[in-house]
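Q: build the 3D model from these lines:
(2 chains)
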Protein chains: 2
Amino acid sequence: MFQVNQGINFIEDKSLITQLDQLEIPILHQDVRPQAVVTVNQEDQLPQVIQPLNSNSTLEMARGEELILDFGDHQVGSLSFELESFGSPPDAPTKLQLSFGERPLEMVGSFAAYDGSLSRSWLQEELITVDVLPTKINLTRRYCFRYLKIKVVDTSPKYGIRLKELICHTQSAVAFDEASFISTEDSLLNEIDRISQKTLAQCMQEVFEDGPKRDRRLWLGDLRLQALANYATFQHNDLVKKCLYLFAAKTKDDGQVSANVFVAPTLIPDDTFLTDYSLFFVDTLLEYVKQTADQVTLKALYPTAMAQVALVQKKIGSNGMIQLDEGWSAFIDWQEELDKLPAMQGVVIYTFKKAVELAQMMQESERGEELIQLIEQLEKAALSEFYDQDRQLFKGLSGQLSYASQSWLVLAEVGSPELRRSVMQMTADSQGELVECNTPYMYHHYVAALFETGLKEAATAVMKRYWGGMVAEGADTFWEIYNPNKANFSPYGSPLINSYCHAWSCTPCYLIRKYLK
Amino acid sequence: MFQVNQGINFIEDKSLITQLDQLEIPILHQDVRPQAVVTVNQEDQLPQVIQPLNSNSTLEMARGEELILDFGDHQVGSLSFELESFGSPPDAPTKLQLSFGERPLEMVGSFAAYDGSLSRSWLQEELITVDVLPTKINLTRRYCFRYLKIKVVDTSPKYGIRLKELICHTQSAVAFDEASFISTEDSLLNEIDRISQKTLAQCMQEVFEDGPKRDRRLWLGDLRLQALANYATFQHNDLVKKCLYLFAAKTKDDGQVSANVFVAPTLIPDDTFLTDYSLFFVDTLLEYVKQTADQVTLKALYPTAMAQVALVQKKIGSNGMIQLDEGWSAFIDWQEELDKLPAMQGVVIYTFKKAVELAQMMQESERGEELIQLIEQLEKAALSEFYDQDRQLFKGLSGQLSYASQSWLVLAEVGSPELRRSVMQMTADSQGELVECNTPYMYHHYVAALFETGLKEAATAVMKRYWGGMVAEGADTFWEIYNPNKANFSPYGSPLINSYCHAWSCTPCYLIRKYLK
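A: Presented below is the predicted three-dimensional model:
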């Protein structure tokens, strides 16, 4: 999704900015202590408890020593601890190296040897030098971790150190403790529900973040899924509202919303634009209004939603096909080889149908009618250009078959219900011929398309196989990237930099509640 | 000087502790900015200016880049700077590695590869991760440096950083700017005077420190020399007073003062004891009282001074020889091979003579007389056991000849003035037969002994050769360790850990004023 687009003019909607001032999200805290000292085997990367800890535990360490603490579950928060010396008076500073990890693999992988494609500044580490002991260390940055490796770089031959009162001061916009979980006879499904809610909760901060470890940012594609999961669980609807306002308050001068925005030190839209993400503003606003009946927000943000539609509308050829020309990239999935056009045609139809609903809510029947006609053209083109009668599957102009194409054109409700069901059945039955889903994000859409076409069993099986695969690998939260056939796969060249608590993986709690209850 | 002596009982003198509360030393500050970006050649370690800087300069850096800033002179203080981004909005944290060095060699040596014997936590480095830009970075630790290497560990491919308003907020108990320097026709001597005062000023903090980079601590041996240099220059006599009280306020239960004390978080005497250092309390108190006529301090600290004498007195054999048995180590010099007994006999006589003066000031004439008789015995023994008639030099029982033995027995005024002058003349003329001085500390005593016996020319020549050697090597302040024949010598296995601004090197400003004006 990497783009550099300098010299873009952004415009600010002062009235929306003013509204944002009233949407401050309170952050909840809990104090969490480490539960054990563990070792992590380099080979199987399984943590083994070597010393259980309680709140009175102290840890004595000498120069050169290191240990790994297990905080029992995935945490997002700051860290504090007390540090004192034993032996002779400290005759040299204490230097500590701290490394934080969401998974055990970050405890055994070398941060120093990292050579992935993403910024190494995401690796969570601190070098702390303490001149005077005893002291209390307050690390006020926000870390995302279950495991903490503490290495005593040096003290001196004359003294050692004692650590105590290690506390992670957690941060989240919601109380995960108060979540309610499904309780079925299928313990794996129950576990998937719990972990997906945990994932969602950890990503709910001042905004819906994509991942609290990385990128810690509000992306529209993630927001759309988080909002759905949120309605089914925590129902923190003001957080959705705030995020919608954030996208709408500063847009490109032609009205396009950015793919993501930064909120510190102030609201800054990123210079990355993705056509599918921009269009999801429409869907996300519609769903928010349906959930809340918030007419004020509908009126305030309707123009932004329709601006996305209008911009894409210009890119539809007379043949009813969306043109993905330069400067109009789409995400769809982390999949280099994917021919994205059929899926993108699906996204356009899907979101334009949502736009019709919005227009109807706003009593803009003329605009609604115009869009309905356009959608007919788009659907017709999709069927004629992409539907392969022989294969009974959607196929790219390149001849490529993919899960993404099937899923999005089905979610867009292109073709009859029978055609769609047959497409999804064929997809589910296919034996490795289709270009795969590469992320939980794309898996969500595939599973949703299976459910939507009534293939409940197949959908459940995929969900249990995919998210259950992460459970089997010990996930405390669901990951940004997971390939069941490729352990520790990273599109960035190093699994150390992957986010292991990632918003777009949080949807099973929504899917289960929508389709299985 | 490394000792571990656990389980020592310290006693606290509450009345002296109370006095200390009234001896807070104000710290003066100046804001100093870097003057240039330099490169340092790995081979000759000479810095070359590549970009002069002024107060409006900004430094643009991209990921992976590093640069070296030259602050123009040796600085002791904290560091602050402003950091902002250019390019796309920062989509990953900024991670910076900062390394501080007193000399260019610390800019080219690898901290990571350090394998010296002292704690690597003395290496001045910070790893800083910044989540939100722009920001102001305040590094509140105290650094000791002229050079600062800034490495951008990472930003992201999308943005670079701009550093500005880089400021070292200096700290010293005195204003070096207001110092007065000698102005002779000998420009090297002038320079030695200036640099020795600079060295002294940088070590004058809340206490007289041995070195502001390392060990940042009050040692009695250093204090004695710093106090002498201070009387000749800054005359910050309250700082001497405070340091004397610090040693006296907490002593071993037998009354011995520690070789050094820590002052944070509270007064903590170290568990290192050195017989010569303990005895120097006597000398340092006497000189302070002579300089200030402070009778209150004389009365308050006289018992502590005499306790050092009494403890050593017990260690004098009936033959008038000091016994250096276990637990009674002496420093004299950083010199493994040195037979320290003759020098130690000299230190005892030297300080006992000072004790006589203190006893007389206190009208304790009986104690004075007792000591005078003891000194006679000590001197007699020194002459009969150590003076070699043939060589006309002092010789250890091991047969060893050393600068330390000659210097200390001469400073103690053992033998007639003619004998002492002849000893020092022989010493000055010797051709590498004597065990050498290894530190500026021992060089001070050698030069002082030359001056004391009237060998002004030889004394000046040694001073100019030794301290002038550091000047020629580009010293901004005088060093802890300097061996003219061995570049970058370190007794700790790495020149990276040597202190290059060290109190015991600061005495030329005193020697010049006492003997050459």
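Q: give me the low-pLDDT residue ranges for the stretch 251-400 of chain A?
A: The stretch 251-400 of chain A contains residues with pLDDT under 70 at A:327.
Q: rerun at 80
A: Across the stretch 251-400 of chain A, the ranges flagged by pLDDT under 80 are A:324-328.
Q: where do the strands sit along the stretch 201-350 of chain A?
A: For the stretch 201-350 of chain A, the strands defined by DSSP state E, counting those that start in this stretch cover A:218-219, A:250-252, A:260-262, A:268-269.
Q: just those: most buried one?
A: Most buried of those by mean neighbour count (mean count of other Cβ atoms under 10 Å in any protein chain shown) is strand A:218-219; its value is a mean of 28. To be clear about C-beta, it is placed using only N, CA and C from the backbone, and glycine gets the same treatment.
Q: got the contact list for the nearest residue to residue A:305 once chain neighbours are set aside?
A: Excluding its sequence neighbours, the residue lying closest to residue A:305 (Cβ to Cβ, 6 or more residues apart in numbering or on different chains) is residue A:282, at 4.6 Å. The contact partners of residue A:282, by Cβ atoms under 8 Å, 6 or more residues apart in numbering or on different chains, come to A:305, A:306, A:308, A:309, A:351, A:352, A:354, A:355, A:358.
Q: ok, those vs chain B, which is closest?
A: residue A:308 (20.9 Å; Cβ to the nearest Cβ).
Q: what's around residue A:38, how many residues?
A: If you count neighbours by other Cβ atoms under 10 Å in any protein chain shown, residue A:38 ends up with 20.
Q: do the same with residue A:18
A: Neighbour tally, residue A:18, other Cβ under 10 Å: 11.
Q: and if you look at residue A:387?
A: 18.
Q: with residue A:517 instead?
A: Neighbour number of residue A:517 under other Cβ under 10 Å is 8.
Q: tell me which stretches of the stretch 51-200 of chain A form helices.
A: Counting by DSSP state H, counting those that start in this stretch, the stretch 51-200 of chain A has helices at residues A:105-108, A:187-203.
Q: and those helices, which is most packed in?
A: helix A:187-203 (a mean of 23).
Q: quick one on the thing from earlier: distance to residue B:395 added to the strands of the stretch 201-350 of chain A, as TSV?
A: What follows is the strands of the stretch 201-350 of chain A, written out as TSV (distance: least, Cβ to Cβ, whole Å):
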stretch	distance to residue B:395
strand A:218-219	82
strand A:250-252	86
strand A:260-262	77
strand A:268-269	79
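Q: name the member of the contacts of residue A:282 that has the highest neighbour count.
A: residue A:355 (30 neighbours).
Q: how distant is whichever strand or helix holds it from the center of its chain?
A: Using DSSP states H and E, residue A:355 sits in helix A:341-361. Offset of helix A:341-361 from its chain centre (Cα atoms, centre = their mean, to the nearest Å): 23 Å.
Q: swap in stretch A:177-186?
A: 22 Å.
Q: show me what counts as buried in it.
A: Using 16 or more other Cβ atoms under 10 Å in any protein chain shown as the test for burial, stretch A:177-186 gives A:179, A:182.
Q: one step back: how near is the residue nearest to residue A:305 to chain B?
A: 25 Å (Cβ to the nearest Cβ, to the nearest Å).
Q: buried ones in stretch A:315-335, by neighbour count?
A: So, applying 16+ other Cβ under 10 Å, buried residues of stretch A:315-335: A:316, A:320, A:321, A:322, A:328, A:329, A:330, A:331, A:332, A:333, A:334, A:335.
Q: farthest pair in those?
A: A:320 and A:334 (28.5 Å; Cβ to Cβ).
Q: up against chain B, what does the stretch 1-150 of chain A have?
A: Within the stretch 1-150 of chain A, the positions adjacent to chain B are A:2, A:4-6, A:63, A:87-95, A:118-122, A:125-127, A:129, A:131-135, A:141-142 by Cβ under 8 Å from any Cβ of the partner chain.
Q: just the buried members of the residues you listed?
A: A:63, A:87-95, A:118-122, A:125-127, A:129, A:133, A:142.
Q: name the residue of the stretch 351-500 of chain A that lies nearest to chain B.
A: Closest point on the stretch 351-500 of chain A to chain B, by Cβ to the nearest Cβ, is residue A:497, at 10.1 Å.
Q: pretty sure that residue is touching residue A:115, no?
A: No. Residue A:497 is not in contact with residue A:115 according to Cβ atoms under 8 Å; the separation is 10.2 Å.
Q: so between those two, which is more surrounded?
A: Using other Cβ under 10 Å, the more surrounded residue of residue A:497 and residue A:115 is residue A:497, with 23 against 8.
Q: enumerate every residue touching that one.
A: Here residue A:497 is in contact with A:114, A:116, A:118, A:120, A:122, A:123, A:214, A:490 (Cβ under 8 Å, 6+ apart).
Q: mind listing the helices in the stretch 401-517 of chain A by residue range?
A: A:403-411, A:417-429, A:440-452, A:456-472, A:508-515.
Q: quick one: buried residues of the longest one?
A: The neighbour-count check on helix A:456-472 (16+ other Cβ under 10 Å) flags A:458, A:459, A:460, A:462, A:463, A:464, A:466, A:467, A:468, A:470, A:471 as buried.
Q: tell me the angle that helix makes with helix A:417-429.
A: Between helix A:456-472 and helix A:417-429, the angle comes out at 40 degrees (axes from the mean of the first three to the mean of the last three Cα atoms, to 10 degrees).
Q: okay, helix A:456-472 in PDB with CA atoms only?
A: Backbone C-alpha positions of helix A:456-472 (Å, rounded to 0.1, in the frame of the first residue of the first chain) are rendered in PDB as follows:
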ATOM      1  CA  LYS A 456     -22.800 -22.000   6.100                       C
ATOM      2  CA  GLU A 457     -20.900 -25.200   6.500                       C
ATOM      3  CA  ALA A 458     -18.200 -24.300   4.100                       C
ATOM      4  CA  ALA A 459     -17.900 -20.800   5.600                       C
ATOM      5  CA  THR A 460     -17.600 -22.200   9.100                       C
ATOM      6  CA  ALA A 461     -15.000 -24.700   8.000                       C
ATOM      7  CA  VAL A 462     -12.900 -22.000   6.300                       C
ATOM      8  CA  MET A 463     -13.200 -19.800   9.400                       C
ATOM      9  CA  LYS A 464     -12.200 -22.600  11.700                       C
ATOM     10  CA  ARG A 465      -9.400 -23.800   9.500                       C
ATOM     11  CA  TYR A 466      -7.900 -20.300   9.000                       C
ATOM     12  CA  TRP A 467      -8.500 -18.500  12.300                       C
ATOM     13  CA  GLY A 468      -8.300 -21.800  14.100                       C
ATOM     14  CA  GLY A 469      -4.800 -22.300  12.500                       C
ATOM     15  CA  MET A 470      -3.600 -19.200  14.400                       C
ATOM     16  CA  VAL A 471      -5.300 -20.500  17.600                       C
ATOM     17  CA  ALA A 472      -3.300 -23.700  17.200                       C
END
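Q: that's all I had, so thanks and see you.
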